[in-house]
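S.K.: whatever this is, show me its structure:
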Amino acid sequence: MALDTRIDIDIKIHPSWHQIADELVTVLRLSTRNVEKVSKRLCPVDTGTTRGSIFIHQEGSIHKGEVSYRIGPTTEYAPALELGRGPSGSFAQPFMTPAIKDEKPRLLKAITDALKKLQ
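M.R.: Residues are numbered from 1 along each chain as shown. Below you'll find the predicted structure:
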């Protein structure tokens with residue numbers, strides 16, 4: 001079974017949140033762009049194929065109640081770069097995990113700030 005280095009962010013919107021839906025979309029879009037930018041900067045480069053394959057894909061609509069973002073590379077060997085290949089193989093050179101860890105506090109604060117507007 002292949003490992004996947006892509007990250008999925010799925011948001012289901014409570015009906016009372018629709019008044020801040022546009023703000024939540026903006027927050028999520030900015031956050032995913034930040035993860036993309038940092039992961040591309042951290043991605044190890046030989047040919048640049050993995051770095052160039054890091055993408056953001058949005059599905060759904062927040063106005064319909066849910067939205068999903070997928071962020072990550074599409075190269076077959078991206079998991080080996082991110083996680084390494086064990087004791088006898090290549091060392092891990094994480095680029096997605098640090099990018100997500102870096103962005104997580106900002107994303108949580110932005111979502112919390114948006115939700116406070118409902119009170």
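S.K.: could you verify that residue 92 is part of a helix?
M.R.: No - looking at residue 92 with DSSP: H, G, I helix; E, B strand; the rest coil, it is coil, so not inside a helix.
S.K.: what's the helix or strand for residue 47?
M.R.: For residue 47, there is no enclosing helix or strand under DSSP states H and E.
S.K.: hey, where'd the helices end up in the protein?
M.R.: Ranges of helices in the chain, per DSSP state H, are 21-42, 49-53, 78-83, 96-116.
S.K.: and those helices: which comes nearest residue 60?
M.R.: helix 21-42 (10.6 Å; Cβ to Cβ). In short, each C-beta sits where N, CA and C put it, glycine included.
S.K.: for the protein, give me the ranges with low pLDDT.
M.R.: 1-11, 13-17, 62-63, 65, 119 (pLDDT under 70).
S.K.: for residue 69, which residues count as its bridge partners?
M.R.: On the basis of DSSP bridges, residue 69 is bridged to residue 9, residue 58.
S.K.: how much space is there between it and residue 29?
M.R.: Noted for residue 69: a distance of 8 Å to residue 29, by Cβ to Cβ, to the nearest Å.
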